[in-house]
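In: I would like the atomic coordinates for the input below:
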Amino acid sequence: MIRSTHGDFEWYHRKFNHEDTSKCLCGRPKTPEHLVFCKRATTHFKKWPLRPIVPPRTRQEGLAYLAQLIDQPQEFETFVKTPSQACWPTADEWSQFNQTISGKLIKTAPVMLPCYVGPSYDAEQCAQLNDTLFYDPKFEAQHPVGYDYPLNETCPPPTVTDAPASECQLGNSPVYAINATMEADIQNGIRFAKEKNLRVVIKSSGHDFVQRSKGFYGLSIWLYHFRGGFTFNEPVSISGGRHAQTWNGTSLTINGAYAWSDIYPNAWEKGVIVVGGNQNGPCSTGGWTQGGGHSPVTRNFGMGGDQVLSAKVILASGELVEASPDINPDLFFAIRGGGPGTYGVVTQLTVKTYPNRNVNLFYIVLGAQGTETVSKFLDAMTGVYSSFPSLSQKGFAGYGYWVANSANGLHEHKFTNVWYQAFTITGKTAEQSQKLFQSFEDKVLSYNSTQLGIQVNITKSSYVDYGKYFANKTGTNAGVGGISALSSRFLDTNALSGDKKRLRAAMDVMGGEPGKPVYHTLVHHGLETTHGLQINDSAVQPGWYRSVVLDIFERDVVDFSYINNIEPFTYIRSKVEPVYRILSPSVGTYMNEADWGNVQWKEDFYGVHFDRLSMVKQKYDPDGVFYCITCVGSENWVVKEDGTLCKSI
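Out: Take a look at the predicted model:
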């Protein structure tokens, strides 16, 4: 009979002269038998079928038995280090490492710590945090553990003035951060983390709905001050590789973690268009581009990930490599839309730029007051949604927002049901644009009725170039400092205009309920109706090119924690999202603005690219040095209730 005791385990330990069991938690196994040893070392003793009926007499027999254990369908785990373990780096080791990066190591503290009674209390700074700073994306980007949407924040703005410091914890924020200002800082940080088996976190701006730049007990590669300049390049012929045309236009090389707000004014001065974010705050070389990146000019030029011509990347080994269609083409594929924070640290991108264009804008506000107008309002929204494909075919795109059943009136008329939408078109005269827009304008104005209780207002503007348009547009500075129960879905032409009765029935759920309004952000990109924009072999979610609209829908929550907001999260996940899946099946969604708890994230965030991306991950980061939630490779890891990161092997 097979015995399962600690003594049996020690018998194997002595038989094969392995390291002490604690080393399994403090480092990665070095040999096949040590791998099995560590598997057994980190599971419950009572589950160890360690000693065979006939003990092996030789090393060869022992390894044969260990090989059998590997094939047994059991779950084993190795752990990334945590501060509570004896093998966590000592103060001297942290100090020595700090010297290798010229004193740039930061022991992190929560953003709101000055508001809690204790050694760090500062009334003046607390007042600034509460009034503005905590809700300022630029401030959050400039703080090593500042995050725009801090889910499960364990040091929130206190509701009382005498909250003790003991109530302010780091939680899922990293315990150390490297204020990286050069590539060597990043390389040394990665090598130290790999040697000590530490969790690595990458943070650029912290503009992250999915919480990928956070991590319990982690060492953060903080890139905000990594800024080596950016250069606008004259036209040059750049190979597009096997799957894309050669690029003969102008380009921009960004060396470092610059926000779009840093890039845009310089691009406009140069008279070029850069395909960048609709908001100023996200990092131009970070998660925005690496996650795909939608833009006000996506309808014209494609996704942000498609613009990349070449890159420099620091790998999990610490090696700095180039990535282009001809050099490391598989890595080049992955970093252009295949997700941030998992293949390496991108330090430089060269992206396409385009000649300036004029912009014509049509801005619509459609609103109504009261619960008695909800049904007619949703009728109108059905008509709006069904018109998106034809508008895309004509060249229009833009961003919008709508809500029904709102308790608080919005707009100057205090609408409880309201839709705002900007429709832009480039490269046309005002007269040409008006002619193309006229039929939809007539349709929307037909909803303007006292009898229906709906009011419509349309304003029109023309801009001589894209820079002037963007500088005057609203919504370019994100509202931050809170969370919501959020999900999203791509909607294709068939979902929008195929069966209008089905769409109208879906609207009853999409519109929420009295007391439970669902807020929608509409990214009307229109890529399904364009042809030839996806000329690069990029990892951008294919659903972008099979859809017309990205619909981001969310419910308000009461604080920063999931546990206190189970109802709105459940409502979005179990009631609203299934309607979208039926309406627009197998199209997926945008990984950067999605539900962090999506259990179908592989298909929804990556589509058919997931298996190919997994091979890239295994090639460039076989040890799993880089981890982030819903990133490629995260399926091999589990985060325990206490935040410990464990790898199933």
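In: all contacts plus neighbour counts: C-alpha atoms, from now on.
Out: OK.
In: quick one, strands of the stretch 201-350 of the chain?
Out: In the stretch 201-350 of the chain, the segments counted as strands under DSSP state E, counting those that start in this stretch are 219-222, 227-233, 251-256, 272-274, 308-314, 320-323, 345-355.
In: Save these as a markdown table, and put in mean neighbour count and distance to Ala184 too.
Out: Converted to a markdown table, these look like this (neighbours: other CA atoms under 10 Å; distance: least, CA to CA, whole Å):
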| stretch | mean neighbour count | distance to Ala184 |
| --- | --- | --- |
| strand 219-222 | 28 | 12 |
| strand 227-233 | 15 | 13 |
| strand 251-256 | 22 | 13 |
| strand 272-274 | 23 | 29 |
| strand 308-314 | 23 | 10 |
| strand 320-323 | 18 | 9 |
| strand 345-355 | 22 | 11 |
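In: how about CSV for those, with mean pLDDT added?
Out: Putting these into CSV (pLDDT from 0 to 100) gives the following:
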stretch, mean pLDDT
strand 219-222, 98
strand 227-233, 98
strand 251-256, 98
strand 272-274, 98
strand 308-314, 98
strand 320-323, 98
strand 345-355, 98
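In: Quick one: closest of those to Lys473.
Out: Lys473 sits nearest to strand 272-274 of all those, at 15.6 Å, using CA to CA.
In: Who are the packing partners of the closest one?
Out: Secondary-structure packing of strand 272-274 (3 or more CA pairs under 8 Å, 6 or more residues apart in numbering; DSSP states H and E): helix 260-270, strand 345-355.
In: Report the distance from that strand to the chain centre.
Out: Chain-centre distance of strand 272-274: 24 Å, with CA atoms, centre = their mean, to the nearest Å.
In: export the strands of the stretch 201-350 of the chain to CSV and tack on distance to Asp131?
Out: What follows is the strands of the stretch 201-350 of the chain, written out as CSV (distance: least, CA to CA, whole Å):
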stretch, distance to Asp131
strand 219-222, 26
strand 227-233, 29
strand 251-256, 31
strand 272-274, 34
strand 308-314, 39
strand 320-323, 42
strand 345-355, 34
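In: which one of those strands lies closest to Lys468?
Out: Across the strands of the stretch 201-350 of the chain, closest to Lys468 is strand 272-274 (CA to CA), at 11.3 Å.
In: neighbouring contacts of that closest one?
Out: Residues outside strand 272-274 that contact it (CA atoms under 8 Å, 6 or more residues apart in numbering): 264, 267, 352-356, 466-467.
In: Could you name the stretch from the helices and strands packed on strand 272-274 that's closest to Ala407?
Out: helix 260-270 (34.4 Å).
In: pLDDT on that closest one, on average?
Out: Helix 260-270 shows an average pLDDT of 97 in the prediction.
In: Can you report how many residues lie near Lys107?
Out: Lys107 has 12 neighbours, counted by other CA atoms under 10 Å.
In: Please convert the helices and strands packed on strand 272-274 to JSON lines, extending it with distance to Pro329.
Out: Listed next are the helices and strands packed on strand 272-274 as JSON lines, based on distance: least, CA to CA, whole Å:
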{"stretch": "helix 260-270", "distance to Pro329": "26"}
{"stretch": "strand 345-355", "distance to Pro329": "14"}
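In: Okay, now stretch 203-215: how far is its last residue from its first?
Out: 10 Å (CA to CA, to the nearest Å).
In: same thing with stretch 273-285?
Out: Its first and final residues considered, stretch 273-285 spans 16 Å by CA to CA.
In: Equivalent analysis for stretch 125-142, please.
Out: End to end - CA to CA - stretch 125-142 spans 15 Å.
In: Other residues contacting it?
Out: Residues outside stretch 125-142 that contact it (CA under 8 Å, 6+ apart) are 111-112, 114-115, 146-148, 157, 204-207, 224, 281, 477-481.
In: ok, and for that stretch, which residues are buried?
Out: 126, 129, 133-142 (16 or more other CA atoms under 10 Å).
In: quick revisit: ok, the contacts of strand 272-274 vs Arg612, which is closest?
Out: Lys352 (25.2 Å).
In: how about the nearest residue to that closest one, chain neighbours excluded?
Out: Computed as CA to CA, 6 or more residues apart in numbering, the closest residue to Lys352 that is not its neighbour in sequence is Ser251, at 4.4 Å.
In: Roughly how far does the one you found sit from Asn130?
Out: Distance, Ser251 to Asn130, by CA to CA: 41 Å.
In: what does Val632 give?
Out: Applying CA to CA, the value for Val632 to Asn130 is 37 Å.
In: Likewise for Phe226?
Out: Counting by CA to CA, the gap from Phe226 to Asn130 is 28 Å.
In: Check Ser574 too.
Out: 35 Å.
In: longest helix of the chain?
Out: Counting by DSSP state H, the longest helix found in the chain is helix 374-394.
In: any idea how far that helix is from the chain center?
Out: Per CA atoms, centre = their mean, the centroid offset for helix 374-394 relative to its chain is 29 Å.
In: Kindly report the same for stretch 606-615.
Out: 17 Å.
In: again, but for stretch 81-90
Out: Stretch 81-90 sits 29 Å away from the centroid of its parent chain (CA atoms, centre = their mean).
In: List the buried residues in that stretch.
Out: For stretch 81-90, by 16+ other CA under 10 Å, it's 81-82, 87-89.
In: Between the two ends of that stretch, how far is it?
Out: In stretch 81-90, first residue to last residue: 12 Å (CA to CA).
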